[in-house]
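Q: Sequence and predicted structure, then a few things I'm wondering about:
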Amino acid sequence: MTRWVDELEERAAAALPRDVYDYFRQGAGTHHALHEATPAWDALRLHPRVLRDVTSVRTATTVLGTPVDTPVVGDRPHPGPGSDAPWYGGHLLPTAAPGDVAVATDLTFDDITWLQGISRLPVVVKGVLRADDALSAVRAGARAVIVSNHGGRQLDVAVPTATALPGIARALVGTGAETYVDGGIRSGVHVLAALALGARAVLLGRPVLWALATAGADNVHRLLRTVTAELQHAMTLVGARNPDEITPDLAGLVDTAGAQPPG
């Protein structure tokens, strides 16, 4: 049976001007990084526990100390002032021409320290794909890192985030920093795998754009509720009553030689 979420892109393609759709959809180079993102999550398999009391399963967690209903960041059933519901404003595309946008080539980890020193907000560094870079970012003052290859839009053949996540999460154990991930996540099962591999929360990218393009903010909330419901169902089936019980032994790569016990 086709999932509603899987039909969003096709509907968005019909609703959006072609150049806008192409802008959202495109990747870098030959699109290797773009096309490998979701299959990397699909290649993971779960090792469910049995005979666990899952009468009550909750997806609630915290992100940077803030309580949220779900690790699919942004979900609130009734958005209002102070909620973390997604907010979309302005234009679909920037009005500035590409040549008018300055690109900094001299950024270093020292800039994280500078930013952390002048801001009362927590610094979160996105685009991290290496454990050593993640540690350097945290030592420089970052409170969290987002494992991301920017949707495959920058460097072609960059490693999929599902592959990069476990090493980065292990490197940050004990630092107090949090790890988030995006890139190719399309279902609640993907979310569960990401949490098992060490993510505190996940971020959805293109699916949110497709939902917004087809039926506005209401469709975005439907998307987030759908993925959260899938996560809750998957948690029930693997014997995890809350995100803290989603541990690394629950997920791993496909074992072509036959099922083996975790660890």
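A: Arrived safely, thanks for sending.
Q: hey, where'd the strands end up in the protein?
A: Per DSSP state E, the chain carries strands over the ranges 44-46, 61-63, 66-68, 124-128, 144-147, 178-181, 201-202, 251-253.
Q: Distance to residue 38, mean pLDDT and mean neighbour count for those strands - can I get that in JSON lines?
A: Using the backbone N, CA and C atoms, a C-beta is placed for each residue, glycine as well. Below are the strands of the chain laid out as JSON lines (distance: least, C-beta to C-beta, whole Å; pLDDT from 0 to 100; neighbours: other C-beta atoms under 10 Å):
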{"stretch": "strand 44-46", "distance to residue 38": "11", "mean pLDDT": "97", "mean neighbour count": "16"}
{"stretch": "strand 61-63", "distance to residue 38": "23", "mean pLDDT": "96", "mean neighbour count": "17"}
{"stretch": "strand 66-68", "distance to residue 38": "24", "mean pLDDT": "95", "mean neighbour count": "13"}
{"stretch": "strand 124-128", "distance to residue 38": "19", "mean pLDDT": "97", "mean neighbour count": "19"}
{"stretch": "strand 144-147", "distance to residue 38": "15", "mean pLDDT": "98", "mean neighbour count": "27"}
{"stretch": "strand 178-181", "distance to residue 38": "13", "mean pLDDT": "98", "mean neighbour count": "25"}
{"stretch": "strand 201-202", "distance to residue 38": "13", "mean pLDDT": "98", "mean neighbour count": "26"}
{"stretch": "strand 251-253", "distance to residue 38": "15", "mean pLDDT": "89", "mean neighbour count": "18"}
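Q: And those: which comes nearest residue 157?
A: Residue 157 lies closest, by C-beta to C-beta, to one member of the strands of the chain: strand 124-128, at 15.6 Å.
Q: contact partners of that closest one?
A: 64, 112, 134, 137, 142-150, 154, 164, 168, 180 (C-beta atoms under 8 Å, 6 or more residues apart in numbering).
Q: how about 10 Å then?
A: With contact meaning C-beta atoms under 10 Å, 6 or more residues apart in numbering, strand 124-128 is reached by 63-64, 109, 112, 115, 133-138, 140-150, 154-155, 158, 161, 164, 168, 172, 177-182, 203.
Q: Return the distance of it from the chain's centre.
A: Between the centre of strand 124-128 and the centre of its chain there are 12 Å (C-alpha atoms, centre = their mean, to the nearest Å).
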